[in-house]
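1. generate coordinates for the sequence data below:
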Amino acid sequence: MTEHSRIDTSVAHPARRYDYLLGGKDNFEADRQSAHEIEKRHPTARLSALENRFFMHRAVRYMTGQGIRQFLDIGTGIPTSPNTHELAQAADPTARIVYVDNDPLVLVHARALLTGTEQGRTTYIEADLRDPRQILDDQEFRATLDLGEPVGLMLISVLHFIRDDDNPVAILNTLIDALPPGSLIAASQATPEHMPAEQIASLRAVMERQWRDRTGPELRALFDRPDVRLVEPGVQSVARWWAEDAPQPRPAIESIAANGLVARIVR
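-> Residues are numbered from 1 along each chain as shown. As a prediction, this is how the structure comes out:
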């Protein structure tokens, strides 16, 4: 079975919906209709998607500034430049990146576009965050990343697709346990904190089977371990994270339905 034959264009997929909200063209009618339903309830959904993207840019640059030279980007989505490998390899051409997504369409585009530098290495594996052992045991993962050296773990706009019955803490613990001290984590998560109650209810009505929004304290609780320490300023709206380094002017946090954090593994 080819990757193309496994793509169900009749069902919206988060990676393709996100691509549409970012202005991409690698999406189908079901993805666009799903995005429009979200936009009816969250009119600044495109701005939220962009701010998540800008947060990712700042987080990767921070990590490379801290000496991180290898990255595990889970839920990467359809490539949108600049992506993690471009930012990392701009800082150091020898940087190594593993992308992970569960959409076959992402795999098609990743193979075509995520080529990286000759000095470094960029690879893609088709896997799901819900099965972290599959990711960690993958041959491409082990051939690309050295778990004796710090890793930058990117979890951008993916945790809200992990519901409570998926046991997100166990998933994250499996990943964090595998990473060496000095590794850094960047995560962002949809939040209801800055929305009116009726807007939250309306969004949940169309997304309840696909996602679990979380408040800032709920996001922090997913990483509540003695060996994980938040980098200042802790859990914040992605629009407020290192705002001085972000495109200006900054949008109001009421327009951005996402929080972010960066954390360091210390043992």
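
2. worst mean pLDDT across the helices and strands of this structure, which element?
-> helix 104-113 (a mean of 70; mean pLDDT, DSSP states H and E).

3. tally of neighbours for residue 31?
-> 24 (other Cβ atoms under 10 Å). The C-beta positions use only the backbone N, C-alpha and C, and glycine is treated the same way.

4. okay but it is in contact with residue 20, surely?
-> Yes. Counting by Cβ atoms under 8 Å, residue 31 sits close enough to residue 20 to count as a contact (5.5 Å).

5. any idea how far residue 205 is from residue 165?
-> Remark: distance between residue 165 and residue 205 (Cβ to Cβ, to the nearest Å) = 19 Å.

6. cool, residue 24 as well?
-> Taking Cβ to Cβ, one finds residue 24 at 26 Å from residue 205.

7. who has more neighbours out of these two?
-> A count of neighbours by other Cβ under 10 Å puts residue 24 above the other of residue 24 and residue 205, at 17 against 10.

8. so the more buried one: helix, strand or coil?
-> Going by DSSP: H, G, I helix; E, B strand; the rest coil, the secondary structure assigned to residue 24 is coil.

9. surely it and residue 78 touch.
-> Yes. Applying Cβ under 8 Å as the test, residue 24 and residue 78 come out as touching, 6.1 Å apart.

10. do a quick rundown of the strands in this structure.
-> 70-74, 96-101, 121-126, 152-155, 184-190, 228-230, 236-237, 258-265 (DSSP state E).

11. if I average pLDDT within each of those, which one is lowest?
-> Mean pLDDT per stretch puts strand 121-126 lowest among those, at a mean of 89.

12. what residues are up against the spatially closest residue to residue 254 that is not a sequence neighbour?
-> The shortest distance from residue 254 to any residue other than its chain neighbours is 4.6 Å, reached at residue 194 (Cβ to Cβ, 6 or more residues apart in numbering). Counting by Cβ atoms under 8 Å, 6 or more residues apart in numbering, residue 194 makes contact with 237, 253, 254, 256, 257.

13. which phi and psi values does residue 194 adopt?
-> Backbone torsions of residue 194, given as degrees, to the nearest 10, read phi -110, psi 20.

14. on that earlier part again, quick one: closest of the strands of the chain to residue 38.
-> strand 184-190 (10.3 Å; Cβ to Cβ).

15. and the closest one, what does it pack against?
-> Under the contact definition 3 or more Cβ pairs under 8 Å, 6 or more residues apart in numbering; DSSP states H and E, strand 184-190 sits against helix 45-65, strand 152-155, helix 216-222, strand 258-265.
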